[in-house]
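Trainee: Generate coordinates for the sequence data below:
(2 chains)
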Amino acid sequence: RKEVEQDPGPFNVPEGATVAFNCTYSNSASQSFFWYRQDCRKEPKLLMSVYSSGNEDGRFTAQLNRASQYISLLIRDSKLSDSATYLCAVNIRGAGNMLTFGGGTRLMVKP
Amino acid sequence: EAGVVQSPRYKIIEKKQPVAFWCNPISGHNTLYWYRQNLGQGPELLIRYENEEAVDDSQLPKDRFSAERLKGVDSTLKIQPAELGDSAVYLCASSLMAGSSPLHFGNGTRLTVT
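Mentor: I've put the predicted structure just below:
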């Protein structure tokens, strides 16, 4: 089993839709969590950190469920420009503070 | 602030040839990472530096890959000899500190081995 897993998708949604992705992690000692966005043939860029109490940035909401060991990203009112791959990243304590990425979830927002 | 700078942007070489990638991290970032990303997959860590020290290189194929970070700033990643399976995007990233700080990536070097 991979340490960090994501549904690769693609998720095809119409503009204005709400879409949610999950990312599961296997190591319960994980302590830091992030969502990155990666456009085609570009580098990953930090979208948002994920805090224990959940956090929101505009149309984006991130949540952490430690009991079930997953993080989620909710995008409301999807825009065409949201089309990208969304990577989750988990810092696994005890593994030298190594940041491990999931395989990414591809989102395609259509008119 | 200036971001992470990588060069070259693209590199095409024949198998068995050597290749080197260069990275200049964000000023003040002590932690530097080299990741490899294959098509359709997430980045996989090759090596992490804390200043000049390589503190995590367990995923680096040491028979053909080497890296250095002289003076704790710029870093180079070398492959010698390259194999067809090394074709990928090599991403450099830096952060203020390992663990809780987010990573900032360079735009990567796309390597094609023919």
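Trainee: how near is A:Phe101 to B:Ser7?
Mentor: Using Cβ to Cβ, to the nearest Å, one obtains 23 Å as the distance from A:Phe101 to B:Ser7. Glycine gets a C-beta too; all of them are placed from N, C-alpha and C.
Trainee: likewise B:Ala20?
Mentor: As for B:Ala20, its distance to B:Ser7 is 10 Å (criterion: Cβ to Cβ).
Trainee: Repeat that for B:Tyr33.
Mentor: Shown here: B:Tyr33 relative to B:Ser7, a distance of 17 Å by Cβ to Cβ.
Trainee: Who has more neighbours out of those two?
Mentor: Using other Cβ atoms under 10 Å in any protein chain shown, the more surrounded residue of B:Tyr33 and B:Ser7 is B:Tyr33, with 26 against 13.
Trainee: dump the residue contacts of that one.
Mentor: B:Tyr33 makes contacts with A:99, B:45, B:47-49, B:92-95, B:103, as judged by Cβ atoms under 8 Å, 6 or more residues apart in numbering or on different chains.
Trainee: The same query, at a cut-off of 7 Å, please.
Mentor: Under the criterion of Cβ atoms under 7 Å, 6 or more residues apart in numbering or on different chains, the neighbours of B:Tyr33 are B:45, B:48, B:92-93, B:103.
Trainee: The residues you listed: which ones sit near chain A?
Mentor: Near chain A, taking Cβ under 7 Å from any Cβ of the partner chain as the test, the members of the contacts of B:Tyr33 found are B:45, B:48, B:103.
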